[in-house]
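In: fold the following for me, if possible:
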Amino acid sequence: MRPRSRGRLGRKACPQHSSPHRSSPRRPPQEVPPVQAVSSPGLTRPDSPTPTPPDDPPGPRELTLDGGDGVRLSGLLAEPGAGQAPRAVVLALHGSGMRAGYFDNRARPGLSLLELGSRLGCTVLALDRPGYGASAAVLPDGQDLAGQTATLGAALADFAGRWPVGAGFFLLAHSGGGRLALSTAAADALPAPLIGLDLSGLGSAFAVPPDQLPGAGAPGAWRRHWGQLRLYPPEAFREGQRLVAPVPATEAGETLAWPRMYPELAARVRVPVRFTFAEQEQWWRTDEEAVRALLAPLAAPRAVVDRLPDAGHNISLGWAARTYHLRALAFLEECLLAHAAAPPTRPRAD
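Out: Below is the predicted model of the structure:
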């Protein structure tokens, strides 16, 4: 009797190559039990109605807040979709010679901090600082840093009495607005917890001689504010024209004193801080020695310095705006995580 042929590597030949006299009988088909629907968290039955996604956040709208002593601060407000409680309030503070709209870049879709933050579940409040916008007529010379801090505190108390604030305030500030953010953190007088600070375009050591710094009636070298033009959408310069405002004289006069003011304020900041320097930052020193001096006086539990490629000083008006805003909001999430995951504190024994 001839042995059955085998395929390669000793495997049995395929059934179609086997002898017809040795074919095995077919098995009767097995009955498959019906599939039962199983309820699982996060899953819906096929016959269940499709869950309704949350509404898109409404677009930014204008508002004014009571800053006390007859001063009203104007600004822009963007909230999460209807029915969503905010994770936190991102308070955005513009730099010298700008307005709150700096954070609502419409040159291209996706570049606006207000739009992005509200879509990620935060309320974003961009305010015109004292001496800008609605308060310019009442404060034609602006206020010194202490005065701005008091006015902002009153305005935020007004805000917290009318809108939910979630986990508290997260201060995101650019350039001269960073001085107010640090002063506000040092004062520790907000109506809700302060979560952290995210500062761009602000250092503690100037990279230019004092006579080249921007001030009242002297905006400074135009190129230093922007860097190379390729870093911005063409529409950004046209949009920027409506954002530019005169620098109040009192604010401008304090600029030269900032390197002396910074260490004292930084020593009273006790929340996480992140600094961002654009690749083409030209107003501030960003070398290693300057960065060490920037971080040294901070009492913050965490302080980091980030460098943003393909960006100039006016980060939120450029192509890099979305990248920066995402990183800043990620830092907010890290601050919230650190708070949620912190070990419980034991009550002090008397």
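In: surely residue 179 is in contact with residue 143?
Out: No - between residue 179 and residue 143 no contact is recorded; they are 11.9 Å apart, counting by C-beta atoms under 8 Å. For glycine as for every other residue, the C-beta is placed from the backbone atoms N, C-alpha and C.
In: show me where the protein has strands.
Out: Using DSSP state E, the strands of the chain run over residues 61-66, 72-78, 89-93, 123-127, 169-174, 194-200, 273-280, 303-312.
In: elements contacting the last one?
Out: Taking 3 or more C-beta pairs under 8 Å, 6 or more residues apart in numbering; DSSP states H and E as the contact definition, the neighbouring helices and strands of strand 303-312 are strand 273-280, helix 288-295, helix 321-340.
In: the inter-axis angle of that strand versus helix 321-340?
Out: Calculated by axes from the mean of the first three to the mean of the last three C-alpha atoms, to 10 degrees, strand 303-312 forms an angle of 170 degrees with helix 321-340.
In: strands paired with strand 303-312, and their directions?
Out: With DSSP bridges as the test, strand 303-312 is paired with strand 273-280 (parallel).
In: what's near enough to touch the closest residue to residue 319 other than its chain neighbours?
Out: Spatial nearest neighbour of residue 319, chain neighbours left out: residue 231 (6.1 Å); criterion: C-beta to C-beta, 6 or more residues apart in numbering. Counting by C-beta atoms under 8 Å, 6 or more residues apart in numbering, residue 231 makes contact with 280, 310-312, 318-320.
In: neighbour-wise, which of those residues leads?
Out: Taking other C-beta atoms under 10 Å as the neighbour criterion, residue 318 ranks highest of the contacts of residue 231 with 29 neighbours.
In: low pLDDT regions in the stretch 201-350 of the chain?
Out: 215-220, 347-350 (pLDDT under 70).
In: at 90 instead, please
Out: Where the stretch 201-350 of the chain drops to pLDDT under 90, the residues are 210-223, 225, 237-241, 344-350.
In: quick check: mean pLDDT across stretch 106-119?
Out: Averaged over stretch 106-119, pLDDT sits at 97.
In: list of residues touching it?
Out: By C-beta under 8 Å, 6+ apart, the surrounding residues in contact with stretch 106-119 are 56-57, 59-60, 76, 78-81, 90, 92, 103-105, 123-124, 126, 172, 232-236, 239, 316-317, 319, 321-322, 325-326, 328-329.
In: now the buried members of the residues you listed.
Out: Burial by neighbour count, 16 or more other C-beta atoms under 10 Å: within these this picks out 57, 60, 76, 78-80, 90, 92, 103-105, 123-124, 126, 172, 232-233, 236, 239, 316-317, 319, 321-322, 325, 328-329.
In: so which of residue 179 and residue 143 has more stuff around it?
Out: residue 179 (26 against 23).
In: which residues sit in contact with residue 207?
Out: 281-286.
In: ok, it to residue 129 distance?
Out: Using C-beta to C-beta, to the nearest Å, we find residue 207 at a distance of 23 Å from residue 129.
In: what count of nearby residues applies to residue 166?
Out: 21.
In: the residue lying closest to residue 62 once chain neighbours are set aside bridge partners, please.
Out: Spatial nearest neighbour of residue 62, excluding adjacent residues (C-beta to C-beta, 6+ apart): residue 76 at 6.2 Å. With DSSP bridges as the criterion, residue 76 is bridged to residue 62, residue 126.
In: next one: residue 76 from residue 89, what distance?
Out: With C-beta to C-beta as the criterion, residue 76 and residue 89 are 13 Å apart.
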